[in-house]
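Visitor: Please find the sequence and the predicted model below.
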Amino acid sequence: MELRLQREELLRRQNFVGGKWVDARGRQRYPVTNPATGKVIAEAANSGRADARAATDAAHRAAGHWRERLPRERAEILRRWHALIVQNTEDLATLMSLEQGKPMTESRGEVAYGASYVAWFAEEATRIYGDLIPQQQRGKQMRAFKEPVGIVAAITPWNFPLAMIARKIAPALAAGCTVVGKPAEDTPLTALALAKLAEEAGVPPGVLNMLSASRERGIEAVGDWLADERVRKITFTGSTAVGKYLARESAGTLKKLSLELGGNAPFIVFEDADLDAAVAGLMAAKFRNGGQTCVCPNRIYVQAPVFERFAELLAARVSALKVAAATDPQAQIGPMINAKAVAKISRHVDDAVSKGASVLVGGTRLAAMGENYYAPTVLKHATNDMLVTCEETFGPVAPLYRFETDEEAIKLANDTPFGLAAYFYTRDMRRAERVARQLDAGVVGLNEGAVASEAAPFGGVKESGYGREGSRYGLDDYLQIKYVCQGNLD
Ligand code: SIN
């Protein structure tokens, strides 16, 4: 796949700081590669501590003016940004497929998905209501206002290079916050293109600042934000280990945190489920982005009477998946993000097989296609002692477990430190109510595999983090409450 954009200026190799495109200090750069071929796509700015400080300075200078803008003025800018994202779908999707590897159809879908958060929060910007508290004493009036929390540092993962950063920046700007952002080292180009479109939409200088960095230098840059008391909030999507690090390191300045962390989603198929719908739901949830999402079902529990039939139906669908490079219009699964990801998938599958799982489909690397390809895989007879059960595989592997009773399924599903998403299929409404309440997860798919939406609160419980993204709840994470008590009114 070649880098051919309709608008070449959307390929940015510099940082966006204070409304200007600038090199990292010392003109440092690092290579961004295509996971399908290993070839370098571009050399991006390799930012460190000084660049992070410059971004915070710019965000600080812009903060007062931005929070004083009328909400409908902020909304108007967000609407223009949304329109530009949609207009430039093809270029954004091309950048995304090149740096992340997902098929073009998925990348186009992600542009629409990410843009939907911008449209949503443009609307929400004008609905930041406070409260007039019912009078408690004569001559006294009590009011609660919602104010922007301040400078927000947005740190995002590689698996959704556009949607994750859009769903952090949009509510932050809507709330009146200014932003310093750092996308994952593997996928900075989509985020930088998004910043370019924000500039074109009229986001004032310093309101949005975006830096790219390699893993090592990124740690330095984020370290500066963690220590800087002007940065009042960190919003992060990524691993639980890094989320814990951010929570620890930001404690010195007591920042507000939104952490959307790792998952280990159970997917339960009860004996009364519509099996075709359950297979379709699993295909959508499990194999989206090649299995590289935090909400991917990681453990698939199927009740004994329907186990064999479900396994058969699933195996037929999975063996028909087309694995190909992003440019192939038929591609359904692309390469994994890097060699480390493939090594982890292999380790999980090999471990499961060594402990008694049988491979129904796949189970191998697709080395002839390139070093980052792994075959979509279905494993039967998975058990609790396997790595696929305890760790997030983050790849196209579907391990099937057999269970007997509802109680057993709930116990197994909740037997994890994580609690992001959970799914189950049943036609029994009483069971549906009961199980939905019993599952320890922030997001539950009931007879549904596609749960994410800009209108819904997305986020986890337990070690999957805290805070919510999307919906009206998603704005609260960028706001703080000020209480004003006015006396002597009579
Ligand atoms: C994620 O994998 O972190 C997000 C998935 C989604 O938005 O659906």
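Guide: Arrived safely, thanks for sending.

Visitor: Can you pull the residues of the protein lying near the ligand?
Guide: 159, 160, 163, 237, 260, 293, 294, 295, 452 (CB under 6 Å from any ligand atom). No exception for glycine: its C-beta is placed from N, CA and C like everyone else's.

Visitor: would CSV of the residues you listed with neighbour count be doable?
Guide: Conversion of those to CSV gives the following (neighbours: other CB atoms under 10 Å):
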residue, neighbour count
159, 25
160, 27
163, 25
237, 27
260, 28
293, 22
294, 29
295, 26
452, 20
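
Visitor: average pLDDT for the one helix or strand residue 408 maps to?
Guide: Assessed by DSSP states H and E, residue 408 sits inside helix 406-414. Averaging pLDDT along helix 406-414 gives 98.

Visitor: got it, and stretch 321-340?
Guide: 94.

Visitor: And it, what's buried?
Guide: For stretch 321-340, the neighbour count (16 or more other CB atoms under 10 Å) marks 321, 323-326, 331-338 as buried.

Visitor: Using PDB, write down the CA coordinates of that stretch.
Guide: Taking Å, rounded to 0.1, in the frame of the first residue of the first chain, the C-alpha atoms of stretch 321-340 are listed here in PDB:
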ATOM      1  CA  LEU A 321     -12.500 -14.800   7.100                       C
ATOM      2  CA  LYS A 322     -10.200 -13.200   4.500                       C
ATOM      3  CA  VAL A 323      -6.800 -12.200   5.900                       C
ATOM      4  CA  ALA A 324      -5.100  -9.700   3.700                       C
ATOM      5  CA  ALA A 325      -3.400  -6.300   3.600                       C
ATOM      6  CA  ALA A 326      -5.500  -3.200   4.200                       C
ATOM      7  CA  THR A 327      -5.700  -2.300   0.500                       C
ATOM      8  CA  ASP A 328      -7.500  -5.500  -0.500                       C
ATOM      9  CA  PRO A 329     -11.200  -4.500  -0.600                       C
ATOM     10  CA  GLN A 330     -12.100  -8.000   0.600                       C
ATOM     11  CA  ALA A 331      -9.700  -7.900   3.600                       C
ATOM     12  CA  GLN A 332     -11.400  -8.600   6.900                       C
ATOM     13  CA  ILE A 333      -8.300  -9.200   9.100                       C
ATOM     14  CA  GLY A 334      -5.000  -7.300   8.500                       C
ATOM     15  CA  PRO A 335      -1.600  -7.700  10.100                       C
ATOM     16  CA  MET A 336      -1.200  -7.400  13.900                       C
ATOM     17  CA  ILE A 337       0.500  -4.200  15.000                       C
ATOM     18  CA  ASN A 338       4.000  -5.600  15.500                       C
ATOM     19  CA  ALA A 339       6.100  -8.700  16.000                       C
ATOM     20  CA  LYS A 340       5.700  -8.500  19.800                       C
END
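
Visitor: Touching that stretch from outside, list them.
Guide: If you take CB atoms under 8 Å, 6 or more residues apart in numbering as the criterion, stretch 321-340 is touched by 1, 35-36, 97-98, 100-105, 107, 158-159, 186, 287, 290, 292, 342, 345, 366, 369-376, 395-396.
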